[in-house]
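[1] 3D, please:
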Amino acid sequence: MNEIKKVKIFTILIHSFIIIGAGHGIGIMGIIDFASIPNLIDNYGFTLNRNFDDDIMSIGHLSLIGKILLIFSLFIKINRIKNLTALIGILILWVSVYFLTSGNWNYDSLYELAFWTSIPFLISSIILTYLIIKNIKQNIERNKKPVANNVSYEKP
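    Presented below is the predicted three-dimensional model:
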């Protein structure tokens, strides 16, 4: 397994273990991802109105979509589509972390807890983004190089 695949899998797993406050306890993001699936079926309205309790299922939807895109990128064969799918998945996961952590820290420690436990994900996703961009640049360089042995000779 190459390095990018390992970092993708690690990034998905580490995002699933972001600790969030839920009700009168705590939970992990992976549980919220699966809990948001029935809400998709029950005609749940997607809202991000800056109230943590109301937004948690919508954040779960974003997180689930980002993880699905990263998982799809593991199986796609075409490099351009693979890289684009992975970058969009990472971007969506970053947006979910933003909504998990962007609240009034003085009022509620839910946001602070989510932020501190999301730091490993942020580091991993930055490394993954770097590796994907490096892979894109290598593919561009590989496509620019002329092939010297591609000379055709006509028979006299």
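[2] which residues does N135 contact?
    4, 79, 83 (C-beta atoms under 8 Å, 6 or more residues apart in numbering). Yep, even glycine has a C-beta here, placed from its N, CA and C like the rest.
[3] Mind naming the longest helix for the chain?
    Ranked by residue count under DSSP state H, the longest helix found in the chain is helix 110-144.
[4] how far out from the middle of the chain is that helix?
    9 Å (C-alpha atoms, centre = their mean, to the nearest Å).
[5] How about it, which residues are buried there?
    For helix 110-144, burial by neighbour count (16 or more other C-beta atoms under 10 Å) applies to 110-111, 113-115, 117-118, 121-122, 124-125, 128-129, 131-132, 135.
[6] residue contacts, the residue nearest the centre of the chain?
    In the chain, the residue lying closest to the centroid (C-alpha atoms, centre = their mean) is I90, at 3.0 Å. Counting by C-beta under 8 Å, 6+ apart, I90 makes contact with 11, 66, 70, 125, 128-129.
[7] L74 now?
    When contacts are counted by C-beta under 8 Å, 6+ apart, L74 touches 5, 8-9.
[8] any idea which of those residues has the most stuff around it?
    K8 (24 neighbours; other C-beta atoms under 10 Å).
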